[in-house]
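Peer 1: turn this into a structure:
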Amino acid sequence: MAKKEESYNEAVEKLRKIVADIENGELDVDILSEKVKEATRLIKLCKEKLYKVDEEVKKVLEELE
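Peer 2: You can find the predicted model right below:
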């Protein structure tokens, strides 16, 4: 079964939790490394979603001109 891709808001919420865990400072190196990898993936996902929305807005604006 394929894993459901997070929405932008879900990704941002997960990023907030990761940052809070990191700021707490009680993570061992292995867990911290995994958290950083997950945060990197989520940031990439958010950027892709924002880029897609930006492109859709540009297209609509061009059609209105």
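Peer 1: OK, contacts around the residue nearest in space to the middle of the chain?
Peer 2: The residue lying closest to the centre of the chain (Cα atoms, centre = their mean) is residue 42, at 3.0 Å. For residue 42, the contacting residues are 6, 11, 12, 14, 15, 18, by Cβ atoms under 8 Å, 6 or more residues apart in numbering. Using the backbone N, CA and C atoms, a C-beta is placed for each residue, glycine as well.
Peer 1: isn't the fifth one right up against residue 40?
Peer 2: Spelled out, it's residue 15. No: applying Cβ atoms under 8 Å, one finds residue 15 not in contact with residue 40, separated by 10.1 Å.
Peer 1: neighbour count winner among those two?
Peer 2: residue 15 (16 against 10; other Cβ atoms under 10 Å).
Peer 1: show me what the helix or strand hosting the more buried one is packed up against.
Peer 2: Assessed by DSSP states H and E, residue 15 sits inside helix 8-24. In terms of contacts (3 or more Cβ pairs under 8 Å, 6 or more residues apart in numbering; DSSP states H and E), helix 8-24 is packed against helix 29-64.
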